[in-house]
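**Q** give me the fold of what follows.
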Amino acid sequence: MTRREFAELIERDGGAVYAFCRQMTGSRDEADDLYQETMLKAMECHERIDDELGNPKSFLMGIAAKTWKSRKRMYARRQRIAPKEYVDDEGIFWELADGAPSPEEAYISRELCRLVRMEIAELKEKYRIPVYLYYSAGLSIEEIAVSLHLPKGTVKSRLHTARTLIGKRMEEHGYERS
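**A** Modelled structure (predicted):
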């Protein structure tokens, strides 16, 4: 892939990669750092990125996921050596674009979204990353499998387990499964 094609890829898919970074980190500052590190790594190997990969966007998501895992391991090592307090931003609420809901409906929707995000954030990383890639980044199971270097069956299993766990936790909050 040429530098020009790489720039077009970033123009086209950079927003989705940044959104994925934002969801993984939960913090704008950390998402900025993760996005920048992801793009630097992608730029270093831009010659290897081509349309034969199937979906270059999934390649970028894979780099972001691996970088995030690496940073978490490094953070955990540092915490064992010299613990420090971690401050996190509050979650962002996105308004639904389904017409004009009443204030009560809008509040209930925001609360439900907040609870679902909270429960997703509580999942183990091996479940959380495929959920973010599937629902937020819009990658297919095959693309997730390629970017995480996992078999398709493992991705399907992790998504199923994550949905089940989230469903059970939502029932504990008083919501019914549909």
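
**Q** who's in contact with R3?
**A** For R3, the contact set (CB atoms under 8 Å, 6 or more residues apart in numbering) comprises H46. C-beta: built from backbone N, CA, C; applies to glycine.

**Q** distance check, T154 against P130.
**A** Look at T154 and P130: by CB to CB, to the nearest Å, they are 9 Å apart.

**Q** between the two, which is the more surrounded one?
**A** P130 (27 against 15; other CB atoms under 10 Å).

**Q** that one: helix or strand, and which one exactly?
**A** In this structure, P130 sits in helix 125-131 according to DSSP states H and E.

**Q** could you look up the SS state of E176?
**A** Here E176 is coil, with the state taken from DSSP: H, G, I helix; E, B strand; the rest coil.

**Q** now do the contacts for it.
**A** Per CB under 8 Å, 6+ apart, neighbours of E176: none.

**Q** torsion angles phi and psi at it?
**A** Taking degrees, to the nearest 10, you get phi -100, psi 150 for the backbone angles of E176.

**Q** so what's it scoring on pLDDT?
**A** For E176, the pLDDT comes out at 78.

**Q** how far away is it from A16?
**A** For E176, the distance to A16 equals 32 Å [CB to CB].

**Q** domain ranges for the protein, per the record?
**A** Following automatic domain parsing, the chain resolves into domains at 1-91, 93-178.
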